[in-house]
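Asks: Please work out how this folds:
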Amino acid sequence: MQQAEANPPLVTVVIPTHDRADLLAIALASVVAQHHRPIEVIVVDDGSPSPVVIDHTDQHPQIDLRVVRHDQPKGPAAARNTGLAHATGTYLAFLDDDDEWDPAFLAVAVRSLANGEGRIAAAETTRHLRRYQGDMRTTLHHGHVPSPGQVVLHRADVVEFDPTLRVSEDVEWWARMRDKAVFAWDPEVRYIIREHQGVRRASNDDIRVRCRREVYRRHRASFDRPSRVWHLNRIAAAQLAAHHRLGALNSAIRSFATRPNLLAVKLSARALSVGVGP
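Replies: Next up is the predicted model:
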């Protein structure tokens, strides 16, 4: 323990961003405010119309800040992969450009990981009050998965995101990361999800349907029954939003057949109430 305190491990923070300079500045400020040092920050500019420029005149001790740019937007999965490729830290954390951390976030997470309390350190969020604690390798997909920004991981454990998925890339990523899903939990530090009116990327309903169906197709065999129900209901909801009413009805029926549940009934009723269309 004395050695760890004398030589604290390097944490790499990857921040994908696209055309949100004001929000990015707040996210970066929350990294600079972290109690833990040293920190390596890799900002991945995912093809912003105006390249991201970071003011290096205000240097912060033991923070190495770099910007890596994509000439064209490639999506959040590809941006995170670029950051991962440049990372050198013992531990790795992803931070969305429109969110932020409590100042103690990294210090608490690193302490938990160094003490062997889990393979992944997770914190509370300001939006979803779900606890990720202990061995969740078989239960991770019974409901929503953690946000990538909610956790700190051993860099050696992290696999790449699938860049062909513009949404649900985090859900699919967790499906491949679940063998490492032994969580250390701390409710005292938070991942702060900011509500704002900025444009949300990859909001096309048809893209959401395609990506959710693809995640289910790839990993269905490894999901238990509650997990399959959860995914099928998510697919049905996306299909309703995209006006794929027949598809939504079919997905909801499959969900109910897998395990009777009230949400599947409600989704079926919504599909039927507007008439079964394309």
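Asks: quick one: low-confidence parts of the stretch 51-200 of the chain?
Replies: 56-58, 128-129, 142-143, 195-200 (pLDDT under 70).
Asks: those strands in it, which residues are they?
Replies: Secondary structure of the stretch 51-200 of the chain (DSSP state E, counting those that start in this stretch): strands located at 63-70, 91-94, 99-101, 120-125, 134-135, 151-154, 182-193.
Asks: So which elements touch the shortest one?
Replies: Right, the one you point to is strand 134-135. strand 182-193 (3 or more CB pairs under 8 Å, 6 or more residues apart in numbering; DSSP states H and E). From N, CA and C alone the C-beta is placed, and that goes for glycine too.
Asks: quick one: the next helix or strand after the strand it packs on to chain centroid distance?
Replies: Once strand 182-193 ends, the next helix or strand along the chain (criterion: DSSP states H and E) is helix 205-219. For helix 205-219, the gap between its own C-alpha mean and the chain's C-alpha mean amounts to 16 Å (CA atoms, centre = their mean, to the nearest Å).
Asks: quick one on the thing from earlier: out of the strands of the stretch 51-200 of the chain, which is closest to residue 170?
Replies: strand 91-94 (9.2 Å; CB to CB).
Asks: Output that closest one as CSV, restricted to C-alpha atoms.
Replies: C-alpha atoms of strand 91-94 as CSV (Å, rounded to 0.1, in the frame of the first residue of the first chain):
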residue,chain,number,x,y,z
TYR,A,91,-6.5,2.5,-15.5
LEU,A,92,-8.9,3.9,-18.1
ALA,A,93,-12.0,6.0,-17.8
PHE,A,94,-14.4,7.3,-20.5
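Asks: So in that sheet, which strands flank it, and in what orientation?
Replies: Partners of strand 91-94 in the sheet, by DSSP bridges, are strand 11-17 (parallel), strand 151-154 (antiparallel).
Asks: Next one: residue 108 relative to residue 27, how far apart?
Replies: 19 Å (CB to CB, to the nearest Å).
Asks: okay, the two: which has more neighbours?
Replies: Shown here are residue 108 and residue 27; by other CB atoms under 10 Å, residue 27 has more neighbours (24 against 19).
Asks: Appreciated, that's everything.
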